[in-house]
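In: sequence unknown, structure follows:
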């Protein structure tokens with residue numbers, strides 16, 4: 001198996017910050033005149049939300065927050081030839097989880113399936129879907145979860161394990177809005193520097209993202 005190389009992450013916009021109020025990041029504010037940029041979901045049934053504006057992330061213990069949106073190009077590790085172009089959307093804070101979504105590049109509303117498939121080039125069975133994934137990192141437990149099946153055999157059928165649906169992709173308003181869900185399996189690197197995939201998993205349901213980008217972030221200039 002030959003791993004891919006993430007050659008470049010283009011036009012990535014990232015926000016960092018801290019806040020000092022109580023931890024109440026469960027629901028969107030009521031009776032608001034606008035919707036703030038955010039990613040939210042239920043992780044194993046528990047509400048979780050991360051806002052682009054760090055002032056809205058109400059956590060007394062948060063010392064790291066990140067929110068980003070951009071375009072990533074995956075390239076062959078040997079030939080350096082581009083294999084895939086994806087949209088990447090992620091949010092994270094150190095008192096809870098990070099949620100990362102990676103789905104095919106598009107300039108119109110579409111729905112994409114996420115597969116429990118290998119991220120390696122020669123194992124692709126469903127187009128380029130193996131380069132598209134959902135990731136959750138549990139900052140408190142220090143655990144990584146991904147939709148990837150790191151040890152899937154070449155002849156194994158890729159199993160659908162989630163979905164990303166873009167409901168709005170408005171080029172004039174520079175707005176992307178959509179929904180997602182997926183099941184992610186835990187993995188880690190052992191003391192021998194070998195990858196180990198476990199039976200531990202997380203269910204991410206009722207996912208929602210809402211984001212306004214700037215002129216330099218999207219779309220790709222042709």
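Out: Yep, it's here. Keep in mind it's a predicted model, so treat the numbers as computed, not measured.

In: residue 74 against residue 83, yeah?
Out: Yes: the pair residue 74 / residue 83 is scored as a contact, 5.0 Å apart, by C-beta atoms under 8 Å. To be clear about C-beta, it is placed using only N, CA and C from the backbone, and glycine gets the same treatment.

In: what comes up buried for the helix or strand hosting residue 75?
Out: Assigned by DSSP states H and E, residue 75 belongs to strand 65-76. By neighbour count on 16 or more other C-beta atoms under 10 Å, the buried set for strand 65-76 is 65, 66, 67, 68, 69, 70, 71, 72, 73, 74, 75.

In: redo these as a markdown table? Include pLDDT and distance to residue 167.
Out: Shown next, in a markdown table, are the buried residues of strand 65-76 (pLDDT from 0 to 100; distance: C-beta to C-beta, whole Å):
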| residue | pLDDT | distance to residue 167 |
| --- | --- | --- |
| 65 | 84 | 26 |
| 66 | 88 | 24 |
| 67 | 90 | 20 |
| 68 | 90 | 21 |
| 69 | 91 | 16 |
| 70 | 89 | 20 |
| 71 | 89 | 20 |
| 72 | 86 | 22 |
| 73 | 82 | 25 |
| 74 | 77 | 25 |
| 75 | 75 | 30 |
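
In: and the strands in this protein?
Out: Ranges of strands within the chain are 4-15, 38-43, 46-51, 65-76, 82-93, 97-104, 111-116, 133-138, 143-146, 159-170, 175-189, 195-212, based on DSSP state E.

In: and those strands: which comes nearest residue 58?
Out: Of all the strands of the chain, it is strand 46-51 that lies closest to residue 58, at 9.2 Å by C-beta to C-beta.

In: picking up where we left off before, what strands line up against the strand holding residue 75, and which way round?
Out: Here strand 65-76 has these sheet partners by DSSP bridges: strand 4-15 (antiparallel), strand 82-93 (antiparallel).

In: just checking, which helix or strand of this structure averages the lowest pLDDT?
Out: Between all helices and strands in the chain, the lowest mean by mean pLDDT, DSSP states H and E belongs to strand 4-15, at a mean of 46.

In: right, and residue 176 touches residue 217 too?
Out: No: look at residue 176 against residue 217 with C-beta under 8 Å: they stay out of range, at 10.2 Å.
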